[in-house]
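In: Just the structure for this:
(one chain, ligands or ions: 1)
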Amino acid sequence: MLDAFDNQRHEWFDAVAADGTEIDDDAGRVRLRCAACGHLLTSASQAVEIAGRLHHHATNPAGFSFRFQTFAAAPGCDVVGTAHAEHSWFPPARWQLAQCGACAVHCGWRFSAPAAGGFFALIEQCLVEDDES
Ligand SMILES: [Zn+2]
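Out: Coordinates of the predicted model:
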């Protein structure tokens with residue numbers, strides 16, 4: 001996992017740097033909203049491969065399994081709490097909780113590594129697609 005992550009680091013760092021924090025709202029782009037309240041979280045154009053894939057499946061130490069997608073940015077999410085290195089799914093990146101910026105439901109995590117930027121991992125069941133322009 002570590003080797004794969006290192007191989008991807010520059011790729012996802014470039015994507016984060018290029019995309020900034022603006023949601024590209026062009027017609028036809030799939031937007032992704034909070035399943036609980038409908039708040040706009042990010043868009044499919046922000047999806048970025050981490051460790052060679054967009055879709056991930058992982059289990060935390062408490063035994064909860066999550067299916068999630070990785071995004072360069074998720075401007076509709078609030079990142080809360082301190083960054084933890086323990087039990088990171090993408091070492092050496094540290095993780096923080098990400099929640100909906102409107103209703104505060106837990107919707108994923110933000111991973112970040114020193115001098116390499118970061119990315120969001122958003123739980124698939126917390127996202128609903130909105131392809132209306
Ligand atoms: Zn919400």
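
In: What's the local residue count around the residue nearest to R94 when sequence neighbours are not counted?
Out: Among residues not flanking R94 along the chain, A83 sits closest, at 3.8 Å (C-beta to C-beta, 6 or more residues apart in numbering). Using the backbone N, CA and C atoms, a C-beta is placed for each residue, glycine as well. For A83, the neighbour count with other C-beta atoms under 10 Å is 15.

In: Ok, the one 4 residues further on next?
Out: Burial of H87, expressed as a neighbour count using other C-beta under 10 Å, amounts to 11.

In: The protein against the ion: which residues are in contact?
Out: Residues of the chain lying near the ion by C-beta under 5 Å from the ion: 34, 36-37, 39, 100, 102-103.

In: cutoff 6 Å now
Out: By C-beta under 6 Å from the ion, the residues of the chain that approach the ion are 34, 36-37, 39, 100, 102-103, 105.

In: Quick one: buried ones out of those residues?
Out: Neighbour counting by 16 or more other C-beta atoms under 10 Å classes 34, 39, 100, 102 among the residues of the chain next to the ion as buried.

In: Before I go, just wanted to say thanks for your time.
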